[in-house]
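**Q** The sequence and its predicted three-dimensional model are supplied below.
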Amino acid sequence: MNIALPNVNVGRRYQLHERIGAGSMGEVYRATDLLTGQQVALKRVHVAPESASATLDTEGVNLRLALAHEFQLLATLRHPNVIHVLDYGFDDRRQPYFTMELLENARTLLEAGRNQPQQVQIDLLAQTLQALAYLHRRGILHRDLKPANILVVSNPRETAAPLVKVTDFGLSVLRDQQRDDEAAGTPTYMAPEVLRGFASSEASDLYAVGVMAYEMLVGHYPYEGSATESIVQAILTSSPSFPAQLDRSLAVVLARLLMKSPEDRYHSAEAVIDALSQAAGRRLAVETAATRESFLQAAAFVGREQELQFLQERLEAAAQGRGSAVLVGGESGVGKSRLLNELRTRALVNGALVLRGQAIGDGSAPYAPWRHAIHWLALLSNVTPRMAAVLKPI
């Protein structure tokens, strides 16, 4: 249910409207970016009204750090089937938030696939797996795949199929940074080994896809139980049954995704796409032109550690009142923008105000490099009518 809000402004830049989602760590609101006029989704942590410092959840997780981690992770990703983040900041109570693309009229994966032809259902699953293949190749485990975190929206190209977006990376982690005893996720979509206390893996992400694929293709959840405890017991001890009307080749794919042992499941999301292709009798792309481009746009940040360390030190000095100017130069394509974007992400998470401007060699309008920065600073300041009259032509 969407909950309307009174007139609430966050960070002097975002006008909140209604709440459109909530989870264990945060809430998501529809908001207007007063700087650009764009409609965005804004996510911020839960904070108890009586205490601005109440940012630990029931298990002692620092929600501020969790939100910063989620933003930093998402800021490195560019994929058509993964939610895209825009900005990070702090509100008047020094509580963090970040903004991301707004998914208008979004439905969950199961809502979008319900009562649809099998071809449509398999296409939705294939897009989900394309996103998962991208994440796993980047060394990222989602760890909380479930219908509410996989949304489907209309494709900007009117003739194209609906577009899947994987969202909510609050529990995601880099594979090599996960603790062995760290279990995470929603119990009804957690793999048996994770429920037993073992670490998540690519195979446990694929298990969650298997549960959702079963729900979509069969029409109900694969295990019986009236409470979470009984469902968890069923996940650990029983095997799903497959109705006779389900194509046998699809049943084989689902059965392997839902195997109790991770070693018995598919070894990768790409392998699942191949198996679905054979079961459906038609070719499903493991990659598209858009997904290939996404790997180029957001390749792992390597080879600029020394330069980034230098800029990081300048950033820390500026935070202590010792400002400086740095010229970053080089030929086109050497990674200047990527280096500065990495610095921007770190600066935003540490509470810095980041202003950006751009000048074009030929045809730039007067004051073009400063226009965006001045507009932003005007929102943050108490602008007098006289100041407004001077700034308006810019």
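**A** Happy to help now that I have it.
**Q** element containing the closest residue to residue 107 other than its chain neighbours?
**A** Using C-beta to C-beta, 6 or more residues apart in numbering and skipping residues adjacent in sequence, the residue nearest residue 107 is residue 152, 5.1 Å away. No exception for glycine: its C-beta is placed from N, CA and C like everyone else's. Applying DSSP states H and E as the criterion places residue 152 in strand 150-153.
**Q** how far out from the middle of the chain is that strand?
**A** Centroid separation for strand 150-153 versus its chain: 12 Å, with C-alpha atoms, centre = their mean, to the nearest Å.
**Q** Run me through the strand neighbours of it, direction for each.
**A** Sheet pairing of strand 150-153 (DSSP bridges) gives strand 107-108 (antiparallel), strand 163-166 (antiparallel).
**Q** Which residues does it contact?
**A** Strand 150-153 has contacts (C-beta atoms under 8 Å, 6 or more residues apart in numbering) with 103-109, 111-112, 124, 128, 162-167, 212.
**Q** just the buried members of those residues?
**A** The neighbour count (16 or more other C-beta atoms under 10 Å) marks 103, 106-109, 112, 124, 128, 162-167, 212 as buried among the contacts of strand 150-153.
**Q** What mean pLDDT does stretch 100-113 get?
**A** Stretch 100-113 shows a mean pLDDT of 94 in the predicted model.
**Q** pretty sure residue 260 contacts residue 192?
**A** Yes - in this structure residue 260 lies within contact range of residue 192 using C-beta atoms under 8 Å: 4.9 Å.
**Q** intersection of neighbour lists for these two?
**A** Counting by C-beta under 8 Å, 6+ apart, the common neighbours of residue 260 and residue 192 are residue 236.
**Q** In which helix or strand does the residue nearest to residue 161 when sequence neighbours are not counted reside?
**A** The shortest distance from residue 161 to any residue other than its chain neighbours is 5.5 Å, reached at residue 123 (C-beta to C-beta, 6+ apart). Using DSSP H and E, the element containing residue 123 is helix 118-137.
**Q** The next helix or strand after that helix pairs with which strands, parallel or anti?
**A** Per DSSP H and E, helix 118-137 leads on to strand 140-141 as the next helix or strand towards the C-terminus. Next to strand 140-141 in the sheet, as set by DSSP bridges, lie strand 173-174 (antiparallel).
**Q** Let me know the average pLDDT across the following helix or strand past the strand it pairs with.
**A** Using DSSP H and E, the helix or strand that follows strand 173-174 in sequence is helix 192-195. Model confidence over helix 192-195 averages 95 on the pLDDT scale.
**Q** just stretch 227-242 next, same as before
**A** Averaged over stretch 227-242, pLDDT sits at 93.
**Q** Give the buried residues for that stretch.
**A** By 16+ other C-beta under 10 Å, the buried positions in stretch 227-242 come out as 231, 232, 234, 235, 240, 242.
**Q** and the fourth one, that one's in a helix?
**A** Yes - using DSSP: H, G, I helix; E, B strand; the rest coil, the assignment for residue 235 is a helix.
**Q** wait, the residue nearest to residue 161 sits on residue 130?
**A** No - assessed by C-beta under 8 Å, residue 123 is found out of contact with residue 130, at 10.5 Å.
**Q** of these two, who's got more company?
**A** residue 130 (27 against 20; other C-beta atoms under 10 Å).
**Q** got the contact list for the helix or strand containing residue 390?
**A** Element membership of residue 390 [criterion: DSSP H and E] is helix 385-391. Contact with helix 385-391 is made by 374, 378, 383, as judged by C-beta under 8 Å, 6+ apart.
**Q** List only buried entries from those.
**A** Listed as buried from those are residue 378; burial here means 16+ other C-beta under 10 Å.
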